[in-house]
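> kindly generate the corresponding structure for this input.
(6 chains)
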Number of protein chains: 6
Amino acid sequence: MRILLINPNTSTFVTEKVAAEARRIAAPGTEIVAVTGRCGPAIVSGRAEDALAAAEAMSLAAEYGGDCDAVVLAISFDSGLRALREMLTIPVVGMSEAAMLAACTLGSRFAMVTFGNRAVPIYAEICQSYGLGGRLSNVVSLAPLSDAEMRDPLLILPRLAEAIDETVSRDGTEAAILAGAIFAGITHAVAEKVSIPVLNGVAEAVGIAEMLVRTAPRKAGSGSYQLPAAKKIEWPNPALVSHFARF
Amino acid sequence: MRILLINPNTSTFVTEKVAAEARRIAAPGTEIVAVTGRCGPAIVSGRAEDALAAAEAMSLAAEYGGDCDAVVLAISFDSGLRALREMLTIPVVGMSEAAMLAACTLGSRFAMVTFGNRAVPIYAEICQSYGLGGRLSNVVSLAPLSDAEMRDPLLILPRLAEAIDETVSRDGTEAAILAGAIFAGITHAVAEKVSIPVLNGVAEAVGIAEMLVRTAPRKAGSGSYQLPAAKKIEWPNPALVSHFARF
Amino acid sequence: MRILLINPNTSTFVTEKVAAEARRIAAPGTEIVAVTGRCGPAIVSGRAEDALAAAEAMSLAAEYGGDCDAVVLAISFDSGLRALREMLTIPVVGMSEAAMLAACTLGSRFAMVTFGNRAVPIYAEICQSYGLGGRLSNVVSLAPLSDAEMRDPLLILPRLAEAIDETVSRDGTEAAILAGAIFAGITHAVAEKVSIPVLNGVAEAVGIAEMLVRTAPRKAGSGSYQLPAAKKIEWPNPALVSHFARF
Amino acid sequence: MRILLINPNTSTFVTEKVAAEARRIAAPGTEIVAVTGRCGPAIVSGRAEDALAAAEAMSLAAEYGGDCDAVVLAISFDSGLRALREMLTIPVVGMSEAAMLAACTLGSRFAMVTFGNRAVPIYAEICQSYGLGGRLSNVVSLAPLSDAEMRDPLLILPRLAEAIDETVSRDGTEAAILAGAIFAGITHAVAEKVSIPVLNGVAEAVGIAEMLVRTAPRKAGSGSYQLPAAKKIEWPNPALVSHFARF
Amino acid sequence: MRILLINPNTSTFVTEKVAAEARRIAAPGTEIVAVTGRCGPAIVSGRAEDALAAAEAMSLAAEYGGDCDAVVLAISFDSGLRALREMLTIPVVGMSEAAMLAACTLGSRFAMVTFGNRAVPIYAEICQSYGLGGRLSNVVSLAPLSDAEMRDPLLILPRLAEAIDETVSRDGTEAAILAGAIFAGITHAVAEKVSIPVLNGVAEAVGIAEMLVRTAPRKAGSGSYQLPAAKKIEWPNPALVSHFARF
Amino acid sequence: MRILLINPNTSTFVTEKVAAEARRIAAPGTEIVAVTGRCGPAIVSGRAEDALAAAEAMSLAAEYGGDCDAVVLAISFDSGLRALREMLTIPVVGMSEAAMLAACTLGSRFAMVTFGNRAVPIYAEICQSYGLGGRLSNVVSLAPLSDAEMRDPLLILPRLAEAIDETVSRDGTEAAILAGAIFAGITHAVAEKVSIPVLNGVAEAVGIAEMLVRTAPRKAGSGSYQLPAAKKIEWPNPALVSHFARF
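The predicted structure follows:
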């Protein structure tokens, strides 16, 4: 089984983090093909950049998705998730989507932990758009991270643990999602410091993608996730133009 | 006052329709600057194409928004609405958003009328994402339109009226939104055939944009709609790159 | 265009405030006809008084609405909004309704700011009754106002700014509505002190009313907003009796 | 125990129906004091008339509530319910409120049955305003009733049964509320014809009012249901003026 | 009228408390038959124990329900409520259900007060499962109780009052439910210390059960609350086996 | 890895079906330990029987869970899911829960397909209790099944396909869940006949359980899913008594 791991950010250090975590959790026989965005911002931090990342994720999926069995979207806004799910015939799982679905099996309500105040309503809206707003206890936010902290988030382990402890007692939170691809790989370190399960989404997305490949549900033949009709589009990326044209 | 009317589709006949309707409704002294997408599909019909339209709307806004007082997004998926609202300092109104807000002042619950079954859940999700799911009675769908019907939707006036009559009696609908930029300009013709108010959104969006220009609320200085930090991005459109870099 | 501005309170100083704000924002050619309640309390402060204001708003609308093009209800409980919308053939917009609809175009979630704890659940219920509960971050409340503060709410500018700052950081609020007709005209002064847009509703209601007059949606011919059947009612106000009898 | 049964309609035949049903169900020792509106319409049928009935219910409560232990509002829009609950120190129960609360103990989701299409969204809004929208399966509507049918609704027993049967199979309805004071006293006749429990609300409201008198919860001393401050109001009904002045 | 009061806990001191409160509130002529669990935990404190209490409540209902007119479930998780409602032909009311329904007639939003953090999400889920999540302001929790405090909760009267005062000012709570059968009989003592109504549910459940016996709605003949088909089951309790077999 | 597959029904033919499907989908190295209820009904069909199945699932988990790595609850009411999740230290996944979570990655809204009208509101309530009510398009119901059809549900393949086709066009359904353990193993046969993905839950639950074992989230140490305190309970099943006593 080959899983295409798409990081539509242009930061390769993020791709390396998520790929390492994906490979750590993948079943024997699962190959992780990790790709990085060429267009868009280095790190997506808001609504406008999220829209660019969605388009770039589509280009990457068109270029690299051909011989893969599933896609994992390794960006915590799940940028372009629904677009990819429509345009591809293989399962697509977003990392925050996977974290939320897994969190549903672990506690009554989960919190999302992010940094900076720009992302707070965005994560709430993502959660609500998945129909899971009733399971969300809160989106809590740390101060913005420095470059060094982005690259090594264990530097802020005490702040993460404190934020989780607070939401446990104030909001009745029973599971915490570290929202951000940069947090891939540190969930167990954080979980040791707090009283509740901690997730990030990359690992869960790989597991859910493997499950979907094995259960092999049919591609939608009606509704909003059926393949688009073949269509000529104008777009700078020729792989994307071909992808739309060939159906 | 100058309002930038963005049609991120590449179909100029759609731009002409929405521009005519916008000019018909605009107050004296309001100039409508209408622009058309260069990239993306001729007509956006689903999730993937919507994501491309969002990116294209951003490029158009970066290129043409500079000397305008407000933006009206003249595409019925409101593609890129939140991205534009974040990246610009002027008010931005989506046509379907405007139709829904106006419908709230006219009836208890409104229906959206579209064509084809792909768009049905998409409009429901858009409505829910605006927090207005409780005001939505249904999304009803006609058979897909021919090219001729797309260009002259009065050809399907009887089908539109019939669909509205049905949702009035079955769903208790009290206002109908013709969801689609191609329906600009025909609401009064449809309303004459049915028992409830009929909206399309272009006209309402122009009125709401004018209201916002006159009331002049301050640009967000915190949260998810504050301007992004100045940032170097990679993107084929140089105006968009400059826009992100200059802040 | 003539807009009837109804203040169903019996306080003329409130009418003067809202009329001034309405005239400041109205388009050239829009005339504001401002009327004040004769029955009911000086200032509506709770559920029972709101019910009296609703009946008084109906009497005022019956008396003065005849040669107007739209009604703006200039009381922050929007007292009688649905009743007026049913019994009149012209558009009716409530000031808090307008503030909420406009706030939807400016931020993810908005807070309402009031004084005293009696009104807190009432505003929450109004917001939910408009289907907008998902957009409400909180209703925050200052200590009750003195008479002098009611007449000149700029006296409490620091308290308003502080309350807004708190809800921004605690609740992720992205727009603030000063709920109360007495706050008409001070939104820009408050906005200068805080990081988010500030609305009151009178200005927005005038703009939305003008939009509705220009877009001219048809009066409902079915459902709960169609005109009541002509009917003899008993009521102290003869204009209201005539209004019900003439249909 | 004395329960004030308020019919704010001006139709005494309705008062007689609801009083008979209330007396049939009341515990030994409970006296039913039934009063009828003097102002407003003969039968309330929409939003505007509902607002008049609310004000009239307040006048009736001010005049007759003084030596009673509880109020039952015997009008199916529960007109003025929250106003009365605020302005009185005794429990107040609305008939439709009571029907819905009781229905919650009898089935998963309940339907409301009314006549004419004007009331359909109104009942849905009432139910949602009580926070019970998730328990409502549908509001179903019969053709408008003739005068004779209003006075003797057993004439439409087959139509009622048919409407209930339909909502059972289509909507999964598990309890039916006959929404309308005129339906008082016929629930058992209807229930014999269908497969689910049938309620009207007058009987349930009397039982709930008795329960509240016996459990004797304290009057709110804070929030939106505390007594209004003593206040001089202008109003045609002197009892209401006195009521507001005396606190 | 005979009401079967089921405490599926094995603690007779709890049964004595709830029986005393039930008898205090019951109408003349109502007999309270109180029974205590033989299987399960002494005090139910979580999800697993709740499931055992549900099964034990079923056994008790099968053994003792035969000659009773209604059942009141005197355990604050309402353990087995829906099961009993399906398997019996008489009305069944849960104590927390009754508290919530009664609270709806007393304030805008109610809080639940419990002890320990395990029960917090459970009460929230119960409330939501009744469709009343929109009426719940918060579930607040005291520190776990000692044995002495369980037996005499007036020992913690100051802590209860403080917790209620806090939720009044922070959450806008307008009624408080003391969630726990052990709190039966102390609501008036607590209410004297706070500004809002205080409920526990046992008293309200008895009143609602009496109302349902008098209004006598028919047993469901379709849907999820109709009697199960006669069926042979394996179960340690012979009364329960007989109950299932005899239908 | 060993997964305990619990069928709390007493029907071994059901256990055989779900075990076969679980083994078909399990990763190499995963052992499926399938157990069947000894107490309770042969097939759980309603609320009361569901409560018995929950208690029986607890006994089975206490007896057989000791040397397993995860539990899959192979009964479509997910009977006892939350109880097991609290009392065990290993992951627990319900089959309908898993079907719904997986369906969220495949379509906008999913329908559940069952037989008989008793289960319709039960499945809706289960879905809502998982916070997923907004993703549910409908619960549709076939006529009750014969014994032969229960054992070989491919006999009703045309009826299943027809019911799914109807909900696709009427409700906009984009994924279908065959709710019932008896449907294990037939999803691909059904999917071939319809236009949307079809799930049952056993396969998905195995995949999600494997994911949870591999990602190894910590057991809750606070809140409603922490282990119950060690406690002496009375219960016919000694393994369950020991389980509660040993903590």
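
> which secondary structure elements does the one helix or strand residue A:85 maps to contact?
Assigned by DSSP states H and E, residue A:85 belongs to helix A:81-87. With contacts defined as 3 or more C-beta pairs under 8 Å, 6 or more residues apart in numbering or on different chains; DSSP states H and E, helix A:81-87 has these neighbours: helix A:47-64, strand A:70-73, strand A:92-94, helix B:47-64. Using the backbone N, CA and C atoms, a C-beta is placed for each residue, glycine as well.

> any idea how far stretch A:239-247 is from the chain center?
For stretch A:239-247, the distance between its averaged C-alpha position and the chain's averaged C-alpha position is 25 Å (C-alpha atoms, centre = their mean, to the nearest Å).

> how far does stretch A:166-182 sit from its chain's centre?
Distance of stretch A:166-182 from the chain centroid (C-alpha atoms, centre = their mean) equals 17 Å.

> actually stretch A:204-219, not the one I wrote
Stretch A:204-219 has its C-alpha centroid displaced from the chain centroid by 15 Å (C-alpha atoms, centre = their mean).

> do the same with stretch A:225-242
For stretch A:225-242, the separation from the chain centroid amounts to 23 Å (computed by C-alpha atoms, centre = their mean).

> just the buried positions in it, please.
Along stretch A:225-242, the positions that meet the burial threshold by neighbour count (16 or more other C-beta atoms under 10 Å in any protein chain shown) are A:225-226, A:228, A:231, A:233, A:235, A:237, A:239-241.

> same check on stretch A:20-39?
The neighbour-count check on stretch A:20-39 (16+ other C-beta under 10 Å) flags A:21-22, A:25-27, A:30, A:32-37, A:39 as buried.

> need the residues you listed in TSV (columns: secondary structure).
Formatted as TSV, the entries for these read as follows, by DSSP: H, G, I helix; E, B strand; the rest coil:
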residue	secondary structure
A:21	helix
A:22	helix
A:25	helix
A:26	coil
A:27	coil
A:30	coil
A:32	strand
A:33	strand
A:34	strand
A:35	strand
A:36	strand
A:37	coil
A:39	coil
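
> and those, which is closest to chain C?
The shortest gap between chain C and any of these belongs to residue A:37, at 25.8 Å (C-beta to the nearest C-beta).

> okay, the closest one: pLDDT?
At residue A:37 the predicted local confidence, pLDDT, stands at 98.

> measure it to residue A:12 for me?
According to C-beta to C-beta, to the nearest Å, residue A:37 stands 10 Å off from residue A:12.

> flag every residue of chain A that's near chain C.
Along chain A, the residues adjacent to chain C under the rule C-beta under 8 Å from any C-beta of the partner chain are A:117, A:120-121, A:124-125, A:128, A:133, A:139.

> rerun that using 10 Å as the cut-off
Residues of chain A found near chain C (C-beta under 10 Å from any C-beta of the partner chain) are A:47, A:117, A:120-122, A:124-125, A:128, A:133, A:138-139, A:141.

> make a markdown table from the helices and strands packed on helix A:81-87 and add distance to residue D:75 and mean pLDDT to it.
Rendered in a markdown table, the data for the helices and strands packed on helix A:81-87 read as follows (distance: least, C-beta to C-beta, whole Å; pLDDT from 0 to 100):
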| stretch | distance to residue D:75 | mean pLDDT |
| --- | --- | --- |
| helix A:47-64 | 48 | 98 |
| strand A:70-73 | 55 | 98 |
| strand A:92-94 | 51 | 98 |
| helix B:47-64 | 48 | 98 |
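
> want to throw these into CSV with mean neighbour count?
Below are the helices and strands packed on helix A:81-87 laid out as CSV (neighbours: other C-beta atoms under 10 Å in any protein chain shown):
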stretch, mean neighbour count
helix A:47-64, 27
strand A:70-73, 29
strand A:92-94, 29
helix B:47-64, 27
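
> out of the ones you listed, nearest to chain F?
Taking C-beta to the nearest C-beta as the criterion, chain F comes closest to strand A:92-94 out of the helices and strands packed on helix A:81-87, the separation being 5.9 Å.

> partner strands of that closest one, with direction?
For strand A:92-94, sheet partners with direction are given as strand A:70-73 (parallel), following DSSP bridges.

> and the helix holding residue A:85, how far out from the chain middle?
With C-alpha atoms, centre = their mean as the basis, the mean position of helix A:81-87 lies at 13 Å from the chain mean.

> before we move on, what about stretch A:106-124?
13 Å.

> buried ones in that stretch?
Across stretch A:106-124, burial judged by 16+ other C-beta under 10 Å covers A:106-115, A:117-124.

> quick check: end-to-end length of it?
Across stretch A:106-124, the straight-line distance between its terminal residues is 19 Å, by C-alpha to C-alpha, to the nearest Å.

> again with stretch A:77-88
From its first residue to its last, stretch A:77-88 covers 19 Å (C-alpha to C-alpha).

> so what's residue A:231 up against?
Residue A:231 makes contact with A:241, A:244-245, A:247, B:41-43, B:45-46, B:48-49, according to C-beta atoms under 10 Å, 6 or more residues apart in numbering or on different chains.

> one more pass at 8 Å, please.
A:244-245, A:247, B:41-42, B:49 (C-beta atoms under 8 Å, 6 or more residues apart in numbering or on different chains).

> residue A:161 now?
Each residue near residue A:161 by C-beta under 8 Å, 6+ apart is listed here: A:190, A:193-194.

> select only the buried ones of the residues you listed in PyMOL?
With 16+ other C-beta under 10 Å as the burial test, the buried ones among those are selected in PyMOL as follows:
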select buried, chain A and resi 190+194
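
> for the contacts of residue A:161, give me a markdown table that also has distance to chain B.
Compiled in a markdown table, the contacts of residue A:161 are given as follows (distance: C-beta to the nearest C-beta, whole Å):
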| residue | distance to chain B |
| --- | --- |
| A:190 | 25 |
| A:193 | 29 |
| A:194 | 27 |
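
> list just the nearest of the buried residues of stretch A:225-242 to chain D.
residue A:225 (27.4 Å).

> could you find the closest non-adjacent residue to the closest one?
Distances taken as C-beta to C-beta, 6 or more residues apart in numbering or on different chains place residue A:86 nearest to residue A:225, at 5.1 Å, with adjacent residues excluded.

> burial measure for the one you found, as a count.
One way to gauge burial is a neighbour count; for residue A:86, by other C-beta atoms under 10 Å in any protein chain shown, it gives 24.

> that one contacts residue B:46, doesn't it?
Yes - taking C-beta atoms under 8 Å as the contact criterion, residue A:86 and residue B:46 are neighbours in contact, 5.7 Å apart.

> can you list residues touching both of these two?
With contacts taken as C-beta under 8 Å, 6+ apart, residue A:86 and residue B:46 have A:224, A:228 as neighbours in common.

> doesn't residue A:6 fall inside a strand?
Yes - assignment of residue A:6 by three-state DSSP places it within a strand.

> need the contact list for residue A:151.
Under the criterion of C-beta under 8 Å, 6+ apart, the contact list for residue A:151 reads A:13, A:182.

> thinking again about what came up before, relative to residue D:180, which of the helices and strands packed on helix A:81-87 is closest?
Within the helices and strands packed on helix A:81-87, the stretch nearest residue D:180 is helix B:47-64; the backing value is 45.8 Å (C-beta to C-beta).

> hey, C-alpha coordinates of the closest one in CSV?
Taking only C-alpha atoms (Å, rounded to 0.1, in the frame of the first residue of the first chain), the coordinates of helix B:47-64 have been written out as CSV:
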residue,chain,number,x,y,z
ARG,B,47,-15.7,21.4,-4.6
ALA,B,48,-12.4,21.1,-6.5
GLU,B,49,-13.3,23.9,-8.9
ASP,B,50,-14.5,26.0,-6.0
ALA,B,51,-11.0,25.8,-4.5
LEU,B,52,-9.4,27.0,-7.8
ALA,B,53,-11.9,29.8,-8.0
ALA,B,54,-11.0,30.9,-4.4
ALA,B,55,-7.3,31.2,-5.4
GLU,B,56,-8.2,33.1,-8.6
ALA,B,57,-10.5,35.4,-6.6
MET,B,58,-7.5,36.3,-4.4
SER,B,59,-5.4,37.1,-7.5
LEU,B,60,-8.1,39.3,-8.9
ALA,B,61,-8.6,41.1,-5.6
ALA,B,62,-4.9,41.7,-5.3
GLU,B,63,-4.8,43.1,-8.8
TYR,B,64,-7.9,45.2,-8.9
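
> good, wrapping up.
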